[in-house]
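*Asks:* Coordinates for the following, if possible.
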Amino acid sequence: MINVCLADNYPVVHFGVKSYFKDHADISIVSNVGNLSMIDEVLKTKKIDVIVIDLELEGLSSIYDVKSIIKNHPTTKVIIFTSLSEQIYAPNAIKSGVSGFVHKSAKLETLGNTIVKVHQGTIVLSDAVKKNLALIAKQNKSDRLYRKLSNREIEVLRYLSDGKKNNEISKILNLNEKTISTYKLRLLTKLNVTNLVDLVNKAKTLEIV
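*Replies:* Model prediction:
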């Protein structure tokens with residue numbers, strides 16, 4: 001039996017996922033948590049084979065938080081289960097050590113198949129993401145610039161899109177304010193815009209945020 005911890009903000013997601021896998025032959029949802037800090041507590045007290053986590057989980061300010069979980073618990077696999085854009089966030093998540101990425105618009109059957117495959121040691125990406133990565137490799141430099149945003153750049157862009165100021169973002173990500181300014185300048189350059197309004201609008205058009 002694969003022991004799974006589901007980390008999500010919403011009780012309806014916990015109820016739906018747990019109900020679906022209630023009588024599953026291979027998967028058991030042994031823990032449900034609603035914020036990042038609770039994951040550490042669960043991992044200290046229970047044997048967890050797979051963590052299914054939303055990138056918008058309360059307390060999770062950065063993909064580096066997920067990377068830390070993977071580093072500290074190498075035998076536990078991590079699957080991202082989120083409504084954020086798969087084509088934008090999946091590649092960086094995989095680079096961080098995540099084993100699978102499932103969009104919340106997918107059927108729970110897909111989540112179940114991903115859990116089983118990940119537990120067996122496979123890294124799972126949808127066909128859409130695989131095709132997208134292949135297309136990126138063929139595109140010219142200007143066309144693929146926005147797809148080469150780093151984890152940090154994407155995180156800063158998300159917070160900028162939420163209306164947060166540089167000093168607020170620096171506190172959330174525990175970075176120097178000047179560093180945030182540098183990331184902001186890189187984003188303007190990579191997305192070929194000259195101001196914050198156009199930056200946010202372009203990010204939304206490209207479904208980065």
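*Asks:* Off-centre distance for stretch 40-59?
*Replies:* With C-alpha atoms, centre = their mean, to the nearest Å as the basis, the distance from the averaged C-alpha position of stretch 40-59 to the chain average is 14 Å.
*Asks:* residues of it that come out buried?
*Replies:* 42-43, 48-55, 57 (16 or more other C-beta atoms under 10 Å). (C-beta placed from N, C-alpha, C; glycine too.)
*Asks:* again, but for stretch 4-14
*Replies:* Result for stretch 4-14 [16+ other C-beta under 10 Å]: buried residues 4-8, 13-14.
*Asks:* wait, which of the residues you listed is closest to Ile115?
*Replies:* Distance to Ile115, by C-beta to C-beta, is smallest for Val4 among the buried residues of stretch 4-14, at 6.3 Å.
*Asks:* that older thread, of all pairs in the buried residues of stretch 40-59, which one is the farthest apart?
*Replies:* Asp49 and Leu55, at 20.5 Å, using C-beta to C-beta across the buried residues of stretch 40-59.
*Asks:* any idea how far Leu149 is from the closest residue to Ser150 other than its chain neighbours?
*Replies:* Excluding its sequence neighbours, the residue lying closest to Ser150 (C-beta to C-beta, 6 or more residues apart in numbering) is Asn92, at 7.5 Å. Distance, Asn92 to Leu149, using C-beta to C-beta, to the nearest Å: 8 Å.
*Asks:* Looking at the two, which is more packed in?
*Replies:* Under the criterion of other C-beta atoms under 10 Å, the comparison of Asn92 against Leu149 puts Leu149 first, with 23 against 19.
*Asks:* my read: that one touches Ile208, true?
*Replies:* Yes: the criterion here is C-beta atoms under 8 Å, and Leu149 meets it with Ile208 at 7.2 Å.
*Asks:* so what sits against both of these two?
*Replies:* Contact criterion C-beta atoms under 8 Å, 6 or more residues apart in numbering; residues shared by Leu149 and Ile208: Leu157.
*Asks:* Now Val124. Its backbone dihedrals?
*Replies:* Main-chain torsions, Val124, degrees, to the nearest 10: phi -110, psi 120.
*Asks:* again but with Ile53, I slipped
*Replies:* phi -130, psi 140.
*Asks:* who's in contact with it?
*Replies:* 7-8, 39, 60, 66, 78-81.
*Asks:* Now, of the residues you listed, which are buried?
*Replies:* Applying 16+ other C-beta under 10 Å to the contacts of Ile53 flags 7-8, 39, 60, 66, 78-81 as buried.
*Asks:* any chance you could map the strands in this structure?
*Replies:* 2-7, 27-33, 50-53, 77-82, 100-103 (DSSP state E).
*Asks:* want to try a markdown table for those, with mean pLDDT as columns?
*Replies:* Output for those, formatted as a markdown table (pLDDT from 0 to 100):
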| stretch | mean pLDDT |
| --- | --- |
| strand 2-7 | 98 |
| strand 27-33 | 96 |
| strand 50-53 | 98 |
| strand 77-82 | 96 |
| strand 100-103 | 92 |
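*Asks:* Out of those, flag the one nearest Asn174.
*Replies:* So among these, strand 50-53 is nearest, using C-beta to C-beta, at 20.1 Å.
*Asks:* Can you give me the domain assignment for the chain?
*Replies:* 2-131, 141-205 (automatic domain parsing).
*Asks:* Worst mean pLDDT among the ones you listed?
*Replies:* Among these, domain 141-205 carries the lowest mean pLDDT, at a mean of 83.
*Asks:* Many thanks, have a good one.
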